[in-house]
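>>> Turn this into a structure:
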Amino acid sequence: MRRFREAVGDTAGLRNTSGFVDDTRAFCSIPARHDLSRRIDAGHLARLVAEHRLDLDEAIESAAELAYTLPRESYPAPRRPSASEPAAPAVPATVPHHAAAAAEAVA
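Got it, this is the predicted structure:
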């Protein structure tokens, strides 16, 4: 992860990364993976500050953007329907013909 951040940081910049993208195959380990990603990003920013390539104020601002702002902009939360919008039906109005045939076969 550190090598990736160092390799793409100069070319892509920090704003063009959207945070840590994960899947849900190992749902319980996702918080640990995100924590590790934030630590790697913080370490990378600290290295840039130590090398005088980035000011401390910019690093603090960038850390907040990497951990919170950029992922929220890239992956917005689903919009909830307002009271004036009709709600989608919870179940289909008709039963598919194969489901009705299976129910008759069991009965």
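>>> Mind listing what's buried along the strand or helix carrying Ala32?
Assigned by DSSP states H and E, Ala32 belongs to helix 30-50. Residues 37-38, 40-41, 44-45, 47-49 are the ones in helix 30-50 that count as buried (16 or more other Cβ atoms under 10 Å). Where C-beta positions appear, they are placed from N, C-alpha and C, glycine not excepted.
>>> do the same with stretch 60-78
By 16+ other Cβ under 10 Å, the buried positions in stretch 60-78 come out as 62-63, 65-67, 70-71.
>>> So for that stretch, first residue to last residue, what's the gap.
Stretch 60-78 has its terminal residues 29 Å apart, counting by Cα to Cα, to the nearest Å.
>>> Could you dump the buried residues of stretch 60-78 into a markdown table and include secondary structure, pLDDT and distance to Asn16?
Output for the buried residues of stretch 60-78, formatted as a markdown table (DSSP: H, G, I helix; E, B strand; the rest coil; pLDDT from 0 to 100; distance: Cβ to Cβ, whole Å):
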| residue | secondary structure | pLDDT | distance to Asn16 |
| --- | --- | --- | --- |
| Ser62 | helix | 89 | 12 |
| Ala63 | helix | 90 | 16 |
| Glu65 | helix | 88 | 11 |
| Leu66 | helix | 85 | 11 |
| Ala67 | helix | 84 | 16 |
| Leu70 | helix | 84 | 9 |
| Pro71 | helix | 80 | 13 |
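>>> And those, which is closest to Ser82?
Using Cβ to Cβ, Pro71 is the member of these that lies nearest Ser82, at 25.2 Å.
>>> okay, now Leu14: neighbour count?
21 (other Cβ atoms under 10 Å).
>>> From Arg38, how far off is it?
Computed with Cβ to Cβ, to the nearest Å, the distance linking Leu14 and Arg38 is 13 Å.
>>> picking that back up, any chance of the buried residues of helix 30-50 in CSV, with distance to Ser29 and pLDDT too?
CSV is the format used below for the buried residues of helix 30-50 (distance: Cβ to Cβ, whole Å; pLDDT from 0 to 100):
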residue, distance to Ser29, pLDDT
Ser37, 12, 83
Arg38, 15, 87
Ile40, 16, 88
Asp41, 18, 87
His44, 22, 90
Leu45, 24, 91
Arg47, 26, 93
Leu48, 29, 92
Val49, 30, 96
